[in-house]
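[1] Following is a predicted model, sequence given first.
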Amino acid sequence: MFYREAGDFKTSYEADSQTFPIAFDRYRYWVILAVAYLVIPFLINDYWANAILVPFLIYAIAAIGLNILTGYCGQVSLGTGGFMAVGAYSCYKLMTSFPDVSIIIHVVLAGVITAVVGAAFGLPSLRIKGFYLAVATLAAQFFLVWLFNKVSWFYNYSASGQISAPERMLFGAPVTGPNTEPWVQYMVCLVFVTICAIIARNLTRGTLGRSWMAIRDMDIAAEIIGVNPLKAKLTAFAVSSFFIGISGALFFSVYLGAVEVGEAFGIQKSFLVLFMIILGGLGSIFGSFAGAAFLVLLPVLLKVIGVDLLGWPTDLVSHLRLVIIGALIMFFLIKEPHGLAQLWRIAKEKLRLWPFPY
Amino acid sequence: MKDSVESYVTDDGRTIGGVMLDLRNITLRFGGVEAIKDISFNIREGEIRAIIGPNGAGKSSMLNIISGFYKPQEGEVLFDGVARPPMPPYQVARQGIARTFQNIALFEGMSVLDNVMTGRMNHMNASIFSQAMWFGKAQREEVENREAVERIIDFLEIQKIRKTPVSRLPYGLKKRVELARALAAEPRLLLLDEPMAGMNVEEKEDMSRFILDLNDEFGTTIALIEHDMGVVMDLSDRVVVMDYGRKIGDGTPDEVRGNQGVIDAYLGVSHD
Ligand SMILES: Nc1ncnc2c1ncn2[C@@H]1O[C@H](COP(=O)(O)OP(=O)(O)OP(=O)(O)O)[C@@H](O)[C@H]1O
Ligand SMILES: [Mg+2]
């Protein structure tokens, strides 16, 4: 009875196309934002930041990015890890070449560079689709990892072949490097997530988003009614890679601090983010968050329950995790391609009608 | 051009203008198969032009040529008296040609409203930055175009299903939504490929009414493919008859009806 739209009439088209048409939904999101911005920063500790919250926020950005390409525009990509690496290495090169420029600008520029690279790797999508495109993006993944391994200019000729983030300050507090406080890491990522989610939401509800979805649902009809497929696909690759680049830059500079490309941005990362959007919900911004939260939390929960509580061996638990993910992926692909987000919508629909289900 | 000059007024008082679209000596081949053989006909401003013929005659292929999806091996397409250079379909759409499909081609994952809004693609050009910020032009444009779309939704009487995902709609309504999406483009020339196929009598009457109103109120030129002869005779100003890729008749419904070749090839076969 709390959750309804009665009495909440739309008096303008603008109001009708807003993000959360039902007032209660709007309040709920304001509450979440308030908790995220005003409560968590004061409670956060090192464990929560590093094991859960910071990776969750960063993966949420990557999942939003991949969801735009795959969920909204229907172009399957297995190159997410490689594009995150482009973001990370761009950020590293920018940080070390222009030490006086703000790290925030570097992260954004890393996104822009990744957008350009992503659009270039998106060119084959104009000719090939589905499985073949997936293979082409897989090739991009391996090529990019190879490139960052091979060309020592990218890691400034360091002996280890790793890149590590020098300390950078923002408003007098270090945001990268070993002295960064957990709440600062968290806040930086939170601000990026918020802005990325708003941009993604705006793009997907407007003309561009509709042209992506039209290409996804029926590309021939889309072109005949006036969608330029070249523009739709390349913007999807560019916007998607922009977000993925930002997540890669944050993953490297704010979260890990030092990375080796094959380890941090290998093919398993591509699959991880793909699983996030499949589980969370293809074509849903909320689903990107749900999927990221789920796959970040799952290993933590399994460890707490399996290893700490029940005393199972660690390798058993990590295998169990793979089994669970595999089973869930199959379940969602077959039963509910719109993922957790759809389950949530159905639950809400039930709730909206409750207690009179007609 | 010889017959583009004079315009005339129909019995029911509509003005038919000069030639808008002129197809000249069109031949279309798929490998060795000639789907269309040296066909010429034109469509005048403001008229309802029917294309009829038995299955496989090449009617849909003709529409596909007009909308730029098939490229004929021979012949040319003149739009407003100018030969149209080869261009991708989305640019043809931009010239003011919209269409529906024989097998419904809606965007199944989107709501009715989003489907129809997609039809307005060519009326919206806010930059990606404006769209990302949902500010200024993007927002203005969205509201303006939404108003236009709502008028079409009212016109086609589909207000109630506005927010429904298209995949949940029954066949007849899908056909109507597809028409709405085509209309949203505010086309000068509207191509309808069997708009009434699979409909019951009542739905056909509704659809006929929409087509007539459209033509009457907005002056939209319409080319339609239809198998139901009654509907064709009622709606159209002129009819092209095709059989095995050839044109075997062209004229007013009465002329076509009286043409012996047409009767043999088509009407004779399917008339009941
Ligand atoms: N893409 C294609 N590739 C190969 N052959 C095609 C193609 N499209 C159409 N054809 C062939 O061209 C001929 C004309 O087909 P078309 O669909 O234009 O007929 P139609 O008059 O619309 O028939 P119907 O009344 O059944 O819709 C048919 O023989 C068909 O098999
Ligand atoms: Mg046909």
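    On my side now, so go ahead. Numbers count the residues shown, from 1 in each chain, chains lettered A, B, ... in the order given. Ligands and ions are numbered 1, 2, ... in the order given.
[2] Can you name the residue of the stretch 51-200 of chain B nearest ligand 2?
    In the stretch 51-200 of chain B, the residue that lies nearest ligand 2 is B:Ser60 (3.0 Å; Cβ to the ion). Backbone N, C-alpha and C define where each C-beta goes, glycine included.
[3] got a pLDDT number for that residue?
    Looking at B:Ser60, its pLDDT stands at 95.
[4] host element of it?
    helix B:59-66 (DSSP states H and E).
[5] Counting by contacts, list what that helix packs against.
    strand B:19-30, strand B:33-44, strand B:48-52, strand B:189-193, strand B:221-225 (3 or more Cβ pairs under 8 Å, 6 or more residues apart in numbering or on different chains; DSSP states H and E).
[6] Out of the ones you listed, the one nearest A:Leu109 is which?
    strand B:189-193 (46.9 Å; Cβ to Cβ).
[7] Check which helix or strand A:Val107 maps to.
    Assigned by DSSP H and E, A:Val107 falls in helix A:103-122.
[8] what's the helix or strand following that helix packed up against?
    Where DSSP H and E defines the elements, the next helix or strand beyond helix A:103-122 is helix A:130-150. If contacts are counted by 3+ Cβ pairs under 8 Å, 6+ apart, helix A:130-150 sits against helix A:80-97, helix A:103-122, helix A:261-264, helix A:267-280.
[9] Show me what counts as buried in the first one.
    Burial within helix A:80-97, assessed by neighbour count using 16 or more other Cβ atoms under 10 Å in any protein chain shown, is assigned to A:80-95.
[10] Next, the angle from that helix to helix A:267-280.
    When axes from the mean of the first three to the mean of the last three Cα atoms, to 10 degrees is applied, the directions of helix A:80-97 and helix A:267-280 differ by 120 degrees.
[11] Next, format the helices and strands packed on helix B:59-66 as a markdown table and append distance to ligand 1, mean pLDDT and mean neighbour count.
    Output for these, formatted as a markdown table (distance: least, Cβ to the nearest ligand atom, whole Å; pLDDT from 0 to 100; neighbours: other Cβ atoms under 10 Å in any protein chain shown):
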| stretch | distance to ligand 1 | mean pLDDT | mean neighbour count |
| --- | --- | --- | --- |
| strand B:19-30 | 3 | 94 | 18 |
| strand B:33-44 | 3 | 94 | 19 |
| strand B:48-52 | 8 | 95 | 26 |
| strand B:189-193 | 7 | 96 | 25 |
| strand B:221-225 | 7 | 96 | 24 |
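[12] TSV please, covering those strands and showing distance to ligand 2.
    Compiled in TSV, those are given as follows (distance: least, Cβ to the ion, whole Å):
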stretch	distance to ligand 2
strand B:19-30	13
strand B:33-44	11
strand B:48-52	9
strand B:189-193	6
strand B:221-225	6
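[13] Spell out which parts of chain B neighbour ligand 2.
    Counting by Cβ under 5 Å from the ion, the residues of chain B lying close to ligand 2 are B:60, B:102.
[14] ok now do the residue sitting nearest the centre point of chain B, which residues does it touch?
    Residue closest to the average C-alpha location in chain B (Cα atoms, centre = their mean): B:Leu191, at 1.0 Å. Contacts for B:Leu191 (Cβ atoms under 8 Å, 6 or more residues apart in numbering or on different chains) come out as B:63, B:66-67, B:97-100, B:222-224.
[15] mind redoing it with 10 Å?
    When contacts are counted by Cβ atoms under 10 Å, 6 or more residues apart in numbering or on different chains, B:Leu191 touches A:224, B:21, B:43, B:49, B:51, B:60, B:62-64, B:66-67, B:97-101, B:182, B:221-225.
[16] got it, and A:Ala249?
    With Cβ under 10 Å, 6+ apart, A:Ala249 has these contacts: A:58, A:61, A:84, A:86-92, A:94-95, A:103, A:106-111, A:113-114, A:165, A:192.
[17] which element is it on?
    helix A:229-250.
[18] next one: that helix to chain centre, how far?
    Here helix A:229-250 is found 11 Å from its chain centre; the criterion is Cα atoms, centre = their mean, to the nearest Å.
[19] repeat for stretch A:88-102
    On the basis of Cα atoms, centre = their mean, stretch A:88-102 sits 22 Å off its chain's mean C-alpha point.
[20] tell me the mean pLDDT for that stretch?
    What stretch A:88-102 shows for mean pLDDT is 93.
[21] And stretch A:327-341, by the same measure?
    82.
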